[in-house]
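Colleague: Model the structure of this input:
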Amino acid sequence: MYILGISCFYHDAAAALVADGRIAAAEEERFTRVKGDASFPQHAIDFCLRAAGIPAQALDYVVFYEKPLLKFERILYSTLSTVPRSAGLFREAMITWFSEKLWMKSLLVKRLNVPADRVLFADHHISHAASAFFCSPYAEAAILTLDGVGEWTTTATGYATADWGDGKRRNQITLDREIRFPHSLGLLYSAFTAWLGFQVNNGEYKVMGMAPYGTPRYIDKVRKLIDVAEDGSFHLDMRYFSFHHSTQHTFNQRFVELFGPPRPPKSEFITELTHPHAPHIDRKIKEQNQYYADIAASIQRVTEETILAMVRDLHRRTGAENLCMAGGVALNSVANGRIVREGPFKQVWVQPAAGDSGGALGAALYAYHVLLGKPRVDTMEHAYWGPAYSPAEIAQFLDEMGLPYVELPDDRLFDRLVDDLTKSRVIGWFQGRFEWGPRALGNRSILADPRSEAMKEIVNSKIKFREPFRPFAPAVLEECAGDYFATPGLDENYLARYMLLVSPVHEPKQSVIPATTHVGGTGRLQTVRSCWNPRYYGLIEAFGKATGVPVILNTSFNLRGEPIVNTPQNAFRTFVGSDIDVLVLENFMVRKEEMGGRWDPAYKGAVGE
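Modeller: Sure thing, here's the model as predicted:
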């Protein structure tokens, strides 16, 4: 049986195909090269169908990740209740909804050439819940979904059970409590994202990265905006916001009067912590940026405490041992680390593509397991679900480009790469199927030596071209994780393998891996097991044998503002457009020092220095 899930027309469009319980999935942005692409995910759909070897007409069902009519109802109600302030929002909404979004069923029938009775719709937060629970290893679990907004719901809690083929339970998800728009933890965090100068629906993780450079001294100010009950339920003071009646602004003048002028988006973030050896920089600039960092720390802390209150109440109500989470807010890895260390649940699972892209997967899984009653057959043990490229395809590309390269077996390749890493060279690492979700997990990664403090600035400024406060992930052999990180049970932790939690680094180890230890002594780690990714594991193992440190700096293989690379062509373009020293495409290696000149990123050939 083949069920295709689709999410699109808001942000992070994606497609996921469930074929007899097994999965292929990809975000549209990886193919179009448009960051956060919200358009109809035709390229992702085409990939999923190719992976299964079927035409669209062979699909049993196509499932959209939310219910457009309910969402349209919410937009109508919200805009009409805030007239005349919402006039612009109403006009834009009517144009987009009447041109495309309102006719989703007809669009799917037309684009996929499938009968109308094969097209289904799932509730947005049910899709989130299913994306987590039906990928988890659990037979039963409490459910928490948090995001900006779906149709009406912004937060939902409940309980789920799974049929693993033993007849003991039914496949069922019950979301029995919810918080509704405009009261939204995700939209609260996004308001601060915009005020701090970052792009909404894209820059929230930058707020999380900025927060450790500040002190949460303004929690009382933030709490003027949100009233949180003991059980974690909350209510926003809408006098400070404009996201419910404006497409241009998430916060209003009252917000600015409380927190001050917003941070200019293109301004450099400079504090005593980010630039400790820059006394020439004006002290007022540092003080202003420190204030922004303190605000980031304050909203981050309020978000963490609110989620923890929800989690504790959910445990009291359900008595469950396991917790499954999804929705964009579930990508807050700092909060996730606290849930694991301080929360009452024994096990926690978060969907790696927790945001809207994951809704495509959840919609398909909900139809397969709940609507059709099919038993569970698998657990999501890894996230390598995208396209791969064969050695023949890679060799053809390299030959067509006229590039000098060598092809080496793994053992010799790893020896060369370990030597490069220990000599402060940076590696673009491309292998296998690309990752599902926003994290690079060792198939589309930039790798460097975590022991070098200088690597923070080198990779951020000369390779990623991004803000200096942005952290890097330490990728560590799973069996060695407890030696470096203070969160218990990392050898069995699903969040750690997907880079979805931040953990304290043991104090003696902070100076050992300074490039991946964030300010405050933490790291957003990735644990690596040989059976999940043997080549990635083998490289880290070889580096560990050579240096005594089984950890490698890992960051996503992309430049600032671009999606993670998909094809060998994408990887090469990023390689020549940055200061990456070595490009590895499967077992093929290209070195800049051997290229005999600087290469034009537009592929027009070698040009002189």
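Colleague: so is the nearest residue to Y484 once chain neighbours are set aside in a helix, a strand, or just coil?
Modeller: Closest residue in space to Y484, ignoring its immediate chain neighbours: K509 at 4.8 Å, by Cβ to Cβ, 6 or more residues apart in numbering. For every residue, glycine as well, the C-beta is placed using N, CA and C. Assigned with DSSP: H, G, I helix; E, B strand; the rest coil, K509 falls in the helix class.
Colleague: Could you count how many residues lie near K509?
Modeller: 19 (other Cβ atoms under 10 Å).
Colleague: Could you do P404 as well?
Modeller: What P404 shows, counting by other Cβ under 10 Å, is a neighbour count of 11.
Colleague: got any ranges where the stretch 351-500 of the chain has weak pLDDT?
Modeller: For the stretch 351-500 of the chain, no stretch has pLDDT under 70.
Colleague: Show the backbone phi and psi for H315.
Modeller: The phi/psi pair for H315 (degrees, to the nearest 10) reads phi -70, psi -40.
Colleague: For it, which non-adjacent residue is spatially closest?
Modeller: H315 sits nearest to P344 (Cβ to Cβ, 6+ apart), 4.2 Å away.
Colleague: Could you identify the helix or strand that succeeds the strand or helix carrying L120?
Modeller: Assigning secondary structure by DSSP states H and E places L120 in strand 119-121. Later in the chain than strand 119-121, the nearest helix or strand by DSSP H and E is helix 124-133.
Colleague: Could you check how far stretch 549-556 is from the centre of its chain?
Modeller: Here stretch 549-556 is found 18 Å from its chain centre; the criterion is Cα atoms, centre = their mean, to the nearest Å.
Colleague: Show the average pLDDT along it.
Modeller: Averaged across stretch 549-556, pLDDT comes to 97.
Colleague: Mind telling me which residue is nearest the centre of the chain?
Modeller: Closest to where the C-alpha atoms of the chain average out (Cα atoms, centre = their mean) is P438, at 3.3 Å.
Colleague: Contact partners for that one?
Modeller: Counting by Cβ atoms under 8 Å, 6 or more residues apart in numbering, P438 makes contact with L331, A353, G355, S556.
Colleague: Tell me how far the closest residue to the third one other than its chain neighbours lies from T154.
Modeller: So that's G355. Nearest residue to G355 in three dimensions, chain neighbours excluded: G328, at 4.1 Å (Cβ to Cβ, 6+ apart). Going from G328 to T154 by Cβ to Cβ, to the nearest Å gives 11 Å.
Colleague: In this structure R341 contacts T487, no?
Modeller: Yes - using Cβ atoms under 8 Å, R341 is in contact with T487, at 5.8 Å.
Colleague: list the residues that contact both of the two?
Modeller: Any residue near both R341 and T487 by Cβ under 8 Å, 6+ apart counts here, and that gives S503.
Colleague: Which one of the two is surrounded by more residues?
Modeller: T487 (20 against 14).
Colleague: Widest-spaced pair of the contacts of P438?
Modeller: The most widely separated members of the contacts of P438, counting by Cβ to Cβ, are G355 and S556 (15.5 Å).
Colleague: Pull out the buried positions in stretch 154-166.
Modeller: Along stretch 154-166, these residues count as buried under the neighbour rule (16 or more other Cβ atoms under 10 Å): T154, T155, A156, T157, G158, Y159, A160, T161, A162, D163.
Colleague: Could you dump those residues into CSV with distance to A13 and secondary structure added?
Modeller: Shown next, in CSV, are the buried residues of stretch 154-166 (distance: Cβ to Cβ, whole Å; DSSP: H, G, I helix; E, B strand; the rest coil):
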residue, distance to A13, secondary structure
T154, 21, strand
T155, 23, strand
A156, 22, strand
T157, 27, strand
G158, 27, strand
Y159, 30, strand
A160, 26, strand
T161, 31, strand
A162, 28, coil
D163, 31, coil
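Colleague: wait, which of these is closest to F133?
Modeller: A160 (4.5 Å).
Colleague: Report the contact partners of I446.
Modeller: 426-429, 440, 459, 463-464, 554-557, 580.
Colleague: please redo it, this time with the cut-off set to 6 Å
Modeller: G428, T555, F557 (Cβ atoms under 6 Å, 6 or more residues apart in numbering).
Colleague: quick check, I446 in a strand?
Modeller: Yes - checked against three-state DSSP, I446 lies within a strand.
Colleague: measure it to G36 for me?
Modeller: For I446, the distance to G36 (Cβ to Cβ) stands at 20 Å.
Colleague: Over to G548?
Modeller: Counting by Cβ to Cβ, the gap from G548 to G36 is 40 Å.
Colleague: Below-threshold pLDDT in the stretch 201-350 of the chain: ranges please.
Modeller: 276-280.
Colleague: can you give me the helices for it?
Modeller: Using DSSP state H, counting those that start in this stretch, the helices of the stretch 201-350 of the chain run over 204-210, 219-222, 253-259, 283-318, 333-342.
Colleague: among those helices, which is nearest Y389?
Modeller: helix 204-210 (28.1 Å).
Colleague: just to revisit the earlier point, closest one to G167 among the helices of the stretch 201-350 of the chain?
Modeller: helix 283-318 (22.6 Å).
Colleague: Please name every helix or strand in contact with the closest one.
Modeller: helix 204-210, helix 219-222, helix 333-342 (3 or more Cβ pairs under 6 Å, 6 or more residues apart in numbering; DSSP states H and E).
Colleague: Any buried residues in stretch 478-492, and which?
Modeller: Quick answer for stretch 478-492 (16+ other Cβ under 10 Å): E478, C480, A481, G482, D483, Y484, F485, A486, T487, L490.
Colleague: just stretch 362-380 next, same as before
Modeller: For stretch 362-380, using 16+ other Cβ under 10 Å, the buried residues are 362-370, 374-376, 380.
Colleague: So what touches that stretch?
Modeller: Contacts of stretch 362-380 (Cβ under 6 Å, 6+ apart): 3, 5, 16, 18, 21, 61, 63, 65, 120, 122, 126-128, 130-131, 134-135, 137, 162-165, 171.
Colleague: from those residues, which would you call buried?
Modeller: 3, 5, 16, 18, 21, 61, 63, 65, 120, 122, 126-128, 130-131, 134-135, 137, 162-163, 171.
Colleague: Switch the helices of the stretch 201-350 of the chain over to a markdown table; also include distance to W532.
Modeller: Shown next, in a markdown table, are those (distance: least, Cβ to Cβ, whole Å):
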| stretch | distance to W532 |
| --- | --- |
| helix 204-210 | 24 |
| helix 219-222 | 39 |
| helix 253-259 | 43 |
| helix 283-318 | 27 |
| helix 333-342 | 19 |
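Colleague: For the stretch 501-609 of the chain, which segments are assigned as strands?
Modeller: Taking DSSP state E, counting those that start in this stretch as the criterion, the stretch 501-609 of the chain carries its strands at 503-504, 522-523, 526-528, 551-556, 582-585, 588-591, 598-599, 606-607.
Colleague: Can you name every helix or strand that the third one contacts?
Modeller: In terms of contacts (3+ Cβ pairs under 6 Å, 6+ apart), strand 526-528 is packed against strand 473-477.
Colleague: Within its sheet, name the partner strands of the strand it packs on and how each one runs.
Modeller: Applying DSSP bridges, strand 473-477 is found paired with strand 526-528 (parallel), strand 551-556 (antiparallel).
Colleague: Quick check: which of the ones you listed is nearest to F241?
Modeller: Judging the strands paired with strand 473-477 by Cβ to Cβ, what sits closest to F241 is strand 551-556, at 31.5 Å.
Colleague: What about the residue nearest to E272 when sequence neighbours are not counted, how many residues nearby?
Modeller: Nearest non-adjacent residue to E272, counting by Cβ to Cβ, 6+ apart: K286, 5.9 Å away. Residues near K286, counting by other Cβ under 10 Å, number 17.
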